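Trainee: compute the structure for the input listed below.
(2 chains)
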Amino acid sequence: MLKDDLKKVFEKPTLIQIALSTAAACFSLVAFGLFFADAVGDKGGDGLPAFKIAFDVMIDGLHFNVRAFIAYFIPLLCGAAVIFPFKEKKVFYASAFLLLAAGIVIFCMREIYLTKYSEELADMYRKAGVELAVPAIIAGTFSLAAAVLCLARGLVGVKFRAAKDSGFKVQTVAEHEMSGDAVCAEGEKSERVSDGEEDNGKE
Amino acid sequence: MEKNKLVFVLCIVLVAAISLGVLVSCTTNPANPDGIKNYLVLDENVQYQSMTGFGASAAWWAQTVPQGSQSAADLATSLYTDEGIGLTIYRYNIGGGSWDYNAYEDHAAGDFVVYPEMRNTQSAFIAENYDKSRSAADNFADDANYDFSKDANALEFMRLCAEQEGSTVERIILFANSPHYLLTTSGKTNGDYAYQSNLPKENYQAYCEYLMKYLDYVVNGMGLTVDSVSAINEPQHSWGGEDSPQEGCHYEPEELAAFYDVFYGYLKDFNEKNGTDVKMDVFESGNYDVYKSKGRVMEYVYAMSKYDYFDEIDTLSVHSYGSPTSVEARESFVYMLDNLYGDKFNIEMSEICYMEAGLDTGMESALWLSEVMHKDFVNLGASAWGWWMATSCDDYNDGLVTWAWKSENGEVEPTKRYYILGQYSLFVDSGDVRIEGYIDNADKGVFAVAFRKADGSIIVVITNTGSKKVQINLPDGYTSLKAVQTDADSSLETVYDGEYKTAFSVGAESVTTLVISR
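Mentor: Residues are numbered from 1 along each chain as shown, chains lettered A, B, ... in the order given. Below you'll find the predicted structure:
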């Protein structure tokens, strides 16, 4: 049964690729959007948005916190990257790695925020109740989820190639239509793939 | 097929109805089980802070009030008697002496609207007597170097307010915005540049001597009772460079804490010597923003916690600038204080003004004021509340009343801010306790705060910022009701006084004080 289901999936390789790419992009872009929501806060309700941690106006001028900036900027880049029709699955693996790193850094945002203080003051703020804010937890989770999706997106291509190598038949658009299945939106690309030009990394 | 669709739709409707029911039952307030619109919830068993007064600052303008003038009498009556708004806290400004060198004459440029000469302050210290062969502390400890007649207008106006018939003054706070200019690094009452720490450590004692001379004069020379001395004002602000059109002194947290350590010793000695209980007012924080990098309020409190005197401090004074209408900023500050120091601190909100140029004598800034007061009481837990300058003379909204400074018989013209402050200050006395009181299921812009008096009566101040009249539904169990209202057309006007009723309408854009008795 499972084999049959997988078979159906691999019969429409571009559909799942599109789904994975779209989901990864959405998660990534939402994670970036949360750059403008609180990254740290407390149970009193106040907080500080991530962009204010990245661009912190202190008494001696503007301080740029590169870690806070990159942690949220990576999902923006990766979100854009996975939407583009790259053929190379390395792009997806690289995105997965970067999103994983970004997610971890976002989860460390409280400590990144506290780096501007001495260890003594940072400890005071920890005891005072400064914690990772909910939007940052969501951003971190979404970044990690996007990483998983990117990884899956890359692996689907590999599995597809393996399936194809093992003699699995991939339908062209014409064949789809002939068989009465839903028309594959990316039929032309499927056809190209079926001709063995490249793995199905292109959408 | 159609039947299946119908069943499906019915199932969806059923699930939605059940979900809605669960949601509604979860959100129904047990104090208002019927979900009555604009219902006043009162619970006298839930008590919060005890109130300690309402006030305003006598900085800058008080030194221009001619002694014995009609203006002096009118101002004193309107501010510090129950014929006026019955303020109880008088804040006398210990000047840094900028009048001596006319520091703020030419600061009318830029975005600031200032009054030439009006932000300079008189100092009782006679600068010409300063002897460079002696230490600063010796100079400032020498009685011969003081002439309090230099600030006679301000001192005598304070005496008038405190000693006039029907005076409501309960607490006198002496506060300074800057040390005397002879004690600062810049030689001025603000820094040469932004965030310059302007009081060098070697002058801590001299500054304490300066403050003590004022305290001694007011207590022993004038015979007035002083509640506290506030030596530092908004220490986290820059107070230097071009954007510094008034006296001010920046302190780093460690500097502030170290200064207070010296000052506390002086106050302790004074109290022992004079049998007084003058407290050290700390620390007039410019805000309560725990996350703004320039806020730093928690850093100052933490720095003080390293000293022994910290154990003796039970009150923190803060200003509501920065995030004046933010609930979250207030609650995070309280939350952090609680996490670090438990319920050690009573909070007093000692300064705010409506910082917009122009002169709004109407309800816009008045409703804003009521919102700030409401949040300071409810979300910050403020036990005392202070406006910045009691009077202004020009097109800036930092006064409660307008009055032509220096004039003998100048008309005192109250703004609506004055009356709105009166909606609280005339009814809530020191010792009254804030109780649980709020409008449940409220229309947008309708909110209330409640206090219980010693005689058991309840004071409820209801603000309606909306543009429509709103009926407030009151709880049962009381016998009499009095309502006093301020809106665009009325000022502290009694709109109802009689038998208790459970429905009462408050006007659009109004503040109404209810006095409810059993």
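
Trainee: use CA for all of it now, contacts and neighbours both
Mentor: Noted.

Trainee: which residues of the stretch 101-250 of chain B lie near chain A?
Mentor: Contact residues, the stretch 101-250 of chain B versus chain A (CA under 8 Å from any CA of the partner chain): residue B:195.

Trainee: where does the stretch 101-250 of chain B get nearest to chain A, residue-wise?
Mentor: Closest approach between the stretch 101-250 of chain B and chain A, counting by CA to the nearest CA: residue B:195, at 7.3 Å.

Trainee: contacts for stretch A:45-62?
Mentor: By CA atoms under 8 Å, 6 or more residues apart in numbering or on different chains, the residues outside stretch A:45-62 that reach it are A:34-41, A:63-69, A:113, A:133, B:195, B:291-294, B:328-329, B:331-332.

Trainee: helix or strand next in line after the helix or strand bottoming out on mean pLDDT in chain B, which one?
Mentor: Using mean pLDDT, DSSP states H and E, helix B:2-27 stands out as the lowest-scoring helix or strand of chain B, at a mean of 64. Counting by DSSP states H and E, the next helix or strand C-terminal to helix B:2-27 is strand B:39-50.

Trainee: who does that following strand touch, helix- and strand-wise?
Mentor: With contacts taken as 3 or more CA pairs under 8 Å, 6 or more residues apart in numbering or on different chains; DSSP states H and E, strand B:39-50 sits against strand B:382-389, strand B:433-440, strand B:470-473.

Trainee: quick one on the thing from earlier: ok, of the contacts of stretch A:45-62, which come out buried?
Mentor: A:34-41, A:65, A:67-69, A:113, A:133, B:195, B:291-292, B:294, B:328-329, B:331-332 (16 or more other CA atoms under 10 Å in any protein chain shown).

Trainee: what are the contacting residues of stretch B:228-244?
Mentor: Residues contacting stretch B:228-244 (CA under 8 Å, 6+ apart): B:172-178, B:190-196, B:211, B:215, B:247-252, B:256, B:278-287, B:294-297, B:319.

Trainee: which parts of stretch B:64-71 are buried?
Mentor: Residues of stretch B:64-71 classed as buried by neighbour count (16+ other CA under 10 Å): B:64, B:65, B:66, B:67, B:70, B:71.

Trainee: flag the shaky bits of chain B, pLDDT-wise.
Mentor: B:1-11, B:13, B:17-27, B:104-117, B:394 (pLDDT under 70).

Trainee: break it into its domains for me.
Mentor: B:31-48+B:435-517, B:52-430 (automatic domain parsing).

Trainee: looking at those domains, which is nearest to residue A:156?
Mentor: Nearest to residue A:156 among these is domain B:52-430; the distance by CA to CA comes to 45.0 Å.

Trainee: return the distance of the closest one from the chain's centre.
Mentor: Here domain B:52-430 is found 10 Å from its chain centre; the criterion is CA atoms, centre = their mean, to the nearest Å.

Trainee: how about the residues of the stretch 301-450 of chain B near chain A?
Mentor: B:302, B:328-340.

Trainee: go again with 7 Å.
Mentor: B:328, B:329, B:331, B:332, B:335, B:336, B:339, B:340 (CA under 7 Å from any CA of the partner chain).

Trainee: select from the residues you listed every entry located in helices.
Mentor: The members of those that map onto helices under DSSP state H are B:328, B:329, B:331, B:332, B:335, B:336, B:339, B:340.

Trainee: before we move on, the earlier item: now the helices and strands packed on strand B:39-50 in CSV, with distance to residue A:97 and mean neighbour count?
Mentor: Shown next, in CSV, are the helices and strands packed on strand B:39-50 (distance: least, CA to CA, whole Å; neighbours: other CA atoms under 10 Å in any protein chain shown):
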stretch, distance to residue A:97, mean neighbour count
strand B:382-389, 50, 25
strand B:433-440, 51, 23
strand B:470-473, 58, 19
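
Trainee: from the buried residues of stretch B:64-71, which two are the most distant?
Mentor: Greatest spatial distance in the buried residues of stretch B:64-71: B:64 and B:70, 13.1 Å, computed using CA to CA.

Trainee: show me where chain A has strands.
Mentor: A:38-41, A:47-49, A:55-58, A:61-64, A:131-132 (DSSP state E).

Trainee: let me have these in CSV, extended by mean pLDDT.
Mentor: As requested, the strands of chain A are arranged in CSV below (pLDDT from 0 to 100):
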stretch, mean pLDDT
strand A:38-41, 97
strand A:47-49, 96
strand A:55-58, 88
strand A:61-64, 88
strand A:131-132, 97
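
Trainee: now for chain A, the helix or strand with the poorest mean pLDDT.
Mentor: Per mean pLDDT, DSSP H and E, bottom of the list for chain A is helix A:187-194, a mean of 39.

Trainee: which strand or helix spans residue B:406?
Mentor: With DSSP H and E as criterion, residue B:406 is part of no helix or strand.

Trainee: contacting residues around it?
Mentor: B:64, B:65, B:66 (CA atoms under 7 Å, 6 or more residues apart in numbering or on different chains).

Trainee: can you give me the helices for the chain?
Mentor: Since you didn't name a chain, this refers to chain A. A:2-11, A:13-33, A:50-54, A:66-83, A:89-107, A:109-114, A:119-128, A:134-165, A:173-179, A:187-194.

Trainee: you answered for a different chain; I wanted chain B.
Mentor: Going by DSSP H, chain B shows helices at B:2-27, B:70-80, B:136-141, B:152-163, B:204-216, B:253-274, B:297-304, B:327-341, B:363-378, B:416-425.

Trainee: buried stuff in the second one?
Mentor: Pointing back at helix B:70-80 there. Quick answer for helix B:70-80 (16+ other CA under 10 Å): B:70, B:71, B:72, B:73, B:75, B:76, B:77, B:78, B:79, B:80.

Trainee: and it, what other elements does it pack with?
Mentor: If you count contacts as 3 or more CA pairs under 7 Å, 6 or more residues apart in numbering or on different chains; DSSP states H and E, helix B:70-80 packs onto helix B:152-163.

Trainee: what does the helix it packs on rub up against?
Mentor: B:62, B:63, B:64, B:65, B:66, B:67, B:72, B:76, B:80, B:167, B:169.

Trainee: for the closest residue to chain B within chain A, give me its contacts.
Mentor: Taking CA to the nearest CA as the measure, chain A has residue A:44 as its residue closest to chain B, at 3.9 Å. Shown in contact with residue A:44 (CA under 7 Å, 6+ apart): B:328, B:331, B:332, B:335.

Trainee: look up the residues forming beta bridges with the residue nearest the centre of chain B.
Mentor: In chain B, the residue lying closest to the centroid (CA atoms, centre = their mean) is residue B:386, at 2.3 Å. Taking DSSP bridges as the rule, residue B:386 bridges to residue B:55.

Trainee: which residues touch it?
Mentor: Residue B:386 neighbours (CA under 7 Å, 6+ apart): B:54, B:55, B:56, B:349, B:350, B:351, B:352.

Trainee: now with 8 Å, please.
Mentor: B:54, B:55, B:56, B:57, B:89, B:349, B:350, B:351, B:352.

Trainee: do you know how far it is from residue B:347?
Mentor: 12 Å (CA to CA, to the nearest Å).

Trainee: can you list the residues of chain A near chain B?
Mentor: A:42-48, A:56-59, A:121, A:124, A:127-129.

Trainee: give the buried residues for stretch B:350-369.
Mentor: Applying 16+ other CA under 10 Å to stretch B:350-369 flags B:350-354, B:359-361, B:363, B:365-369 as buried.

Trainee: contacts for it next, please.
Mentor: B:55-56, B:113, B:284, B:317-321, B:384-389, B:394-399, B:414-418, B:420-421, B:463, B:465, B:487-488, B:509-511.
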